Structures are given as structure tokens and as C-alpha cells.
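Trainee: Fold the following, please.
(one chain, ligands or ions: 1)
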Amino acid sequence: MKTANVLMVCLGNICRSPLAEGILKSKSNGLNIMVDSAGTGAYHVGNLPDARSILVAKQHGIDITDQRARKLEASDLDAFDFIYAMDESNYRNILMLAKNEAQKRKVSMIMNEVVEGSDISVPDPYYGGDQGFENVYQMLDSACDAILAKIKQ
Ligand code: 4NP
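Mentor: Modelled structure (predicted):
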């Protein structure tokens, strides 16, 4: 059976990457996939996901209330096989921790799994309304389908 360790990364680890973690976990039943998430910033370490992320996940049948925010660590670039950045800023900050080319190759923009080379960012919904969270959910749902198809190959 294929095994893969996947890390979802955003800034605060309370809005986008917890949703990405929850969605990928919900789709990976029966597969040997470990999914985690982290933030490049430490502002919300130890916190639950944002209430709006919890709500939009719940509306789609996913419970993400077991998650707590943590900060990305350099050791994550060894521990994970695929490291997905939600936006270009996250991408640059993850790469700053990379010690070698092998680590750099693990890192990509998550929406590039849907549209290769597009470098589309998942917009930060933190300062917006609830619709931003549904939009993030839909983007991440399509990205997670593509990630699973890749891992299953
Ligand atoms: P996230 O969203 O990176 O998707 O978790 C944010 C959460 C918090 C902040 C920014 C973005 N903040 O500035 O506190």
C-alpha cells in the first residue's frame, strides 16, 4: 500500500490549513496517509481552528475540532513527503527552512495540484466574511481530490 505524509501549511494554522487537513483526512479512509497542518506564524499556537473554519467544515460533514494550531518547524521538512503552501508568502517562508534540494522539492503551492504551474493562492479568509470560507473550502476540496489521485498512482 502507498504511504505518504502530507503537511498543509498556511500563516496562522487556524483557517486554511486546518480545513485542508480535515478535508484530506476525510477522503483518505483506507489509505495509509498521515495528514497534519502547521502555520508559518506563531500567533495562534495552541488554539482551535477559527470558528468559521469549524463551521464550514461541519456544514460539509467534517469535524476539525480535534486540531490545535502549531508552528512549522525545520524538522517538518524531513518528516513530511509533501508540503503544501496555501499562498506564495507561505511558500517562500517554508522554503527558507529548507536545508537542501530534496527538502525544497517537497514544497509546492497546493492549487498547482489542480492547475499545474498556475501558482494560484488560496486567499486568506481571516479578515473577510463567511463566503470566503466556503470559497476556501471548495478550492481545497478540489486540491485534495488531486492530491489523492497523485498519491494513489
Ligand atoms: P490562516 O489565516 O493563515 O489561513 O490560518 C490567518 C489566521 C490568522 C491571521 C492571519 C491569517 N492573523 O493575522 O492572525
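Trainee: and the residue nearest the centre of the chain, what pLDDT?
Mentor: By Cα atoms, centre = their mean, the chain has its centre lying nearest to residue 8, at 2.5 Å. Turning to residue 8, the model gives it a pLDDT of 99.
Trainee: Roughly how far does residue 51 sit from the ligand?
Mentor: 12 Å (Cβ to the nearest ligand atom, to the nearest Å). From N, CA and C alone the C-beta is placed, and that goes for glycine too.
Trainee: Kindly tell me how buried that residue is, as a neighbour count.
Mentor: Number of residues near residue 51 (other Cβ atoms under 10 Å) recorded here: 10.
Trainee: what's residue 142 in contact with, if anything?
Mentor: For residue 142, the contacting residues are residue 114, by Cβ atoms under 8 Å, 6 or more residues apart in numbering.
Trainee: any idea which helix is longest in this structure?
Mentor: Taking DSSP state H as the criterion, the chain has its longest helix at helix 130-152.
Trainee: Now look at that helix and say if it contacts the ligand.
Mentor: No - using Cβ under 6 Å from any ligand atom, helix 130-152 stays clear of the ligand, coming no nearer than 7.7 Å.
Trainee: Likewise for stretch 16-30?
Mentor: Yes - Stretch 16-30 comes into contact with the ligand (Cβ under 6 Å from any ligand atom), by way of residue 16.
Trainee: again with stretch 53-72
Mentor: No - residues of stretch 53-72 are not located near the ligand by Cβ under 6 Å from any ligand atom, the shortest gap being 7.6 Å.
Trainee: same check, this time on stretch 103-121
Mentor: No - for stretch 103-121, no contact with the ligand is found by Cβ under 6 Å from any ligand atom; the gap never falls below 10.9 Å.
Trainee: buried set for that stretch?
Mentor: Judged by neighbour count using 16 or more other Cβ atoms under 10 Å, the buried positions of stretch 103-121 are 103, 106-114, 120-121.
Trainee: cool, stretch 81-100 as well?
Mentor: For stretch 81-100, the neighbour count (16+ other Cβ under 10 Å) marks 82-87, 90-91, 93-94, 97-98 as buried.
Trainee: Check stretch 42-52 too.
Mentor: Neighbour-count burial for stretch 42-52, counted by 16+ other Cβ under 10 Å, picks out 44, 48-50, 52.
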